[in-house]
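Novice: fold the following, please.
(2 chains)
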Amino acid sequence: MSKATETAYRRRVRSTDVLCLVVLAVLGARFAMGGLVTAPALAAWTTVFAAICIQASPFLVLGVALSAILAELVPREFFRRTLPCRPSLAVPVAGLAASALPGCECASVPVAASLMRCGVARGPTVSFLLSAPATNPVVLIATSVAFPGQPIVVLARLLASITTAIVVGWLWQRVGREVPISPCVLRPRADGAGAWQRARLTAMHDLAQAVGLLVVGTAAAATLNVAVPRSWLDALGGSAVEGVAALSVLAVVLAVCSEADAFIASSLSQFSMTARLAFMAVGPVVDVKLVAMQVGTFGRRFAARLAPLTLVVAAVAAGTVGTVLL
Amino acid sequence: MSARCQSFVLLLFGAALIRLAATEALLRYVRPVARPWVLLAGVGIVVLALWSLAATRPESPGVDQHQHSGTSSVAWLVIAPVIAVVVIAPPALGAYAAARIPVTAPPPSARAFPPLRADTGGPTRVTLLDFYARAAFDGGATLTGHRVELTGFVLRSDPDGFRIARLVITCCAADARAVVVRIRSPVAAPRPDAWVTVIGEYAGTSPDDRTVPVLRADTVTSVSAPDNPYD
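Specialist: Numbers count the residues shown, from 1 in each chain, chains lettered A, B, ... in the order given. The predicted structure follows:
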């Protein structure tokens, strides 16, 4: 047995042992402390935390399955041939095409990663990443339900989000050149195995990764949901610019699924319509959970540059569209 | 984390989802419409995990062998939601959450409120959300002259009675909004989080908060929590 395989063998034994201990500890805890968590704050935190994980899991599975199929079973040339060659043209095409894919932001990160893996340029990939969770039919229908009798809100949301996706896509095609991307994204996977085996490996890796990172973001969102005093939100009603800034920040920290954020926005009636539009334009493209997923998938430096750029463009786009239309 | 370990962890997660989807506990977290999707997700994850367990030989190195250790250790966190729903198994959100979140409800989906259907003899059963919407957006015109029956959990006590609430969820418990009704009643307030059914008549809105409708109750009954705690 070579040194390398020996180390690998030791590591495998260790992680499986740890898992056994964890399972035993969990079973022990089930008997020792079932019903012990009676502190209302902790119970509420756990309920919110579990609720987001459960609600997101079908979208994650769908996204990961789509991603694995796109990455391993669709010929790599397909996307390069379908999208226009010139990135400046491919950016809006990818942004508009993304509208057809139902799913929230959790699903769009792995799918965008697989597009990149297939050789799609960085600008169109980013345009797809930002457009898919914000402009798909499910989100637009949810928005029309949340703002009954106000179809203009749906139009404003679509315009603000598609503008953000295309503008950031174009900018990223220019400024993203020097930004290194995590080698995991570009690395060809498990050579030699059949296409289905590769798809399985991709799906396993992406799923464990996505659920793990979802847990990080969800824990943050649950903490803010349970721990931020209500009076803070009421105090932020303020002026137009302050309102847009406040709700943009709120969208980032709350990390609500894009299919649910319209209902939250419609309930934030202390704020102007434009501020609420900013909440719906920023939330699907930048939030704590999404940034965590981007760090895990594309690398820290990629997320550190893309997130602020997207935040500014989305807030400005929402402010402009809101001022004109609403 | 090795490939087998990753499979085990995901297997636990998938199994927890299937178990949830098979019980009423699911409704503490998400709406009933999510049930088939949660079940499907659980089955998908379990199938993938079992397939991976079958395909991975015990002596094969982990899939993450060639990756940074940082990217794979995050997979351990997959256990966290399993612990949350299986070990801690928290109750549905109640008075604690309702006291903290903004008391707002979605605007009514219908333009006009149809008249309440008068049940023969007994009071008319109305959801808290419907009662609130009829009071807030229609001045309570369709409520006057009816004996209505409301069910909710006790939020807190008032000098002249108590308040009951119901949480309305759109997607999952994280986006819950509270609907509150003030109950004017001579009966002593039950403890917070206790479920009650109250019968009485609409009596305008609360003087301290115009968004809170008031019910003058003549009957207050303790009930057990409904299967679906949210409206």
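
Novice: dump the residue contacts of the nearest residue to residue A:176 once chain neighbours are set aside.
Specialist: For residue A:176, ignoring the flanking residues on the chain, the nearest one in space by CB to CB, 6 or more residues apart in numbering or on different chains is residue A:122 at 4.7 Å. (C-beta placed from N, C-alpha, C; glycine too.) For residue A:122, the set of contacting residues under the criterion of CB atoms under 8 Å, 6 or more residues apart in numbering or on different chains consists of A:116, A:172-173, A:176-177, A:181.

Novice: in chain B, which strand is the longest?
Specialist: With residue count as the measure and DSSP state E as the assignment, chain B has strand B:209-222 as its longest strand.

Novice: from the contact counts, what lies against it?
Specialist: With contacts defined as 3 or more CB pairs under 8 Å, 6 or more residues apart in numbering or on different chains; DSSP states H and E, the packing partners of strand B:209-222 are helix B:128-138, strand B:177-184, strand B:195-206.

Novice: so for chain A, which of those sits nearest?
Specialist: Between chain A and these, the tightest spacing by CB to the nearest CB is seen for strand B:177-184, at 5.5 Å.

Novice: residue 140: what secondary structure?
Specialist: Going with chain A. Following DSSP: H, G, I helix; E, B strand; the rest coil, the label given to residue A:140 is helix.

Novice: chain B is the one I meant
Specialist: Per three-state DSSP, residue B:140 ends up coil.

Novice: hmm, residue B:204 is touching residue B:210, no?
Specialist: No. Using CB atoms under 8 Å as the test, residue B:204 is too far from residue B:210 to be in contact (9.6 Å).

Novice: hang on, isn't residue A:206 packed against residue A:111?
Specialist: No. With contact defined as CB under 8 Å, residue A:206 does not count as touching residue A:111 (9.7 Å).

Novice: quickly compare the helices and strands packed on strand B:209-222 and say which is most buried.
Specialist: strand B:177-184 (a mean of 23; mean count of other CB atoms under 10 Å in any protein chain shown).

Novice: in three-state terms, label residue 99 for me.
Specialist: Reading this off chain A. Judged by three-state DSSP, the three-state class of residue A:99 is helix.

Novice: actually it's chain B I care about, not the one you picked
Specialist: Judged by three-state DSSP, the three-state class of residue B:99 is helix.

Novice: I'd guessed residue A:127 sits against residue A:169; true?
Specialist: Yes. Contact status for residue A:127 versus residue A:169: in contact at 3.0 Å, counting by CB under 8 Å.

Novice: compare these two (neighbour count), which wins?
Specialist: Ranked by neighbour count (other CB atoms under 10 Å in any protein chain shown), residue A:127 and residue A:169 place residue A:127 first, with 33 against 28.

Novice: mind listing what's buried along stretch A:196-206?
Specialist: Within stretch A:196-206, the residues that count as buried by 16 or more other CB atoms under 10 Å in any protein chain shown are A:197-206.

Novice: re the thing from before, format the helices and strands packed on strand B:209-222 as TSV; extra columns: distance to residue B:36 and mean pLDDT.
Specialist: What follows is the helices and strands packed on strand B:209-222, written out as TSV (distance: least, CB to CB, whole Å; pLDDT from 0 to 100):
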stretch	distance to residue B:36	mean pLDDT
helix B:128-138	24	86
strand B:177-184	25	91
strand B:195-206	28	93
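
Novice: out of the ones you listed, the one nearest residue A:136 is which?
Specialist: strand B:177-184 (24.2 Å; CB to CB).

Novice: and the next element down the chain from the one helix or strand residue A:289 maps to?
Specialist: With secondary structure defined by DSSP states H and E, residue A:289 is part of helix A:288-298. Under the assignment DSSP H and E, the closest C-terminal helix or strand after helix A:288-298 is helix A:300-325.

Novice: assign residue B:151 to helix, strand or coil.
Specialist: Secondary structure state of residue B:151, per three-state DSSP, is strand.

Novice: same check on residue B:155?
Specialist: At residue B:155, secondary structure determined by three-state DSSP is strand.

Novice: so it touches residue B:95, yeah?
Specialist: Yes. Taking CB under 8 Å as the contact criterion, residue B:155 and residue B:95 are neighbours in contact, 5.2 Å apart.

Novice: now for these two: what residues contact both?
Specialist: When contacts are counted by CB under 8 Å, 6+ apart, residue B:155 and residue B:95 have B:165, B:192 as shared neighbours.

Novice: for these two, indicate the residue with more neighbours.
Specialist: Each of residue B:155 and residue B:95 had its neighbours counted (other CB under 10 Å), and the higher figure belongs to residue B:155 (25 against 22).

Novice: lowest-scoring secondary structure element of chain B by mean pLDDT?
Specialist: Ranking every helix and strand in chain B by mean pLDDT, DSSP states H and E puts helix B:69-73 at the bottom, with a mean of 51.

Novice: that's a helix at residue A:251, yeah?
Specialist: Yes. Secondary structure assignment (three-state DSSP) places residue A:251 inside a helix.

Novice: what's the distance between it and chain B?
Specialist: Per CB to the nearest CB, to the nearest Å, residue A:251 is found 13 Å from chain B.

Novice: residues in contact with that residue?
Specialist: With CB under 8 Å, 6+ apart as the criterion, the residues that contact residue A:251 are A:261, A:278-280, A:282-283, A:286-287.

Novice: which of the residues you listed sits closest to chain B?
Specialist: After measuring those against chain B - CB to the nearest CB - the closest member comes out as residue A:261, at 8.3 Å.

Novice: quick one, what contacts the closest one?
Specialist: A:251, A:279-280, A:283-284 are the contacts of residue A:261 under CB under 8 Å, 6+ apart.

Novice: distance to residue B:228 added to the helices and strands packed on strand B:209-222, as a markdown table?
Specialist: What follows is the helices and strands packed on strand B:209-222, written out as a markdown table (distance: least, CB to CB, whole Å):
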| stretch | distance to residue B:228 |
| --- | --- |
| helix B:128-138 | 13 |
| strand B:177-184 | 15 |
| strand B:195-206 | 12 |
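
Novice: would TSV of the ones you listed with distance to chain A be doable?
Specialist: Supplementary listing: the helices and strands packed on strand B:209-222 in TSV, determined by distance: least, CB to the nearest CB, whole Å:
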stretch	distance to chain A
helix B:128-138	11
strand B:177-184	5
strand B:195-206	16
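
Novice: of these, which approaches residue A:88 most closely?
Specialist: Of all those, strand B:177-184 comes closest under CB to CB, at 43.7 Å.

Novice: for the closest one, packing partners?
Specialist: The elements that strand B:177-184 packs onto, with contact taken as 3+ CB pairs under 8 Å, 6+ apart, are helix B:95-100, helix B:128-138, strand B:148-158, strand B:161-168, strand B:195-206, strand B:209-222.

Novice: how about 10 Å then?
Specialist: Helices and strands touching strand B:177-184, by 3 or more CB pairs under 10 Å, 6 or more residues apart in numbering or on different chains; DSSP states H and E, are helix A:261-267, helix B:95-100, helix B:128-138, strand B:148-158, strand B:161-168, strand B:195-206, strand B:209-222.
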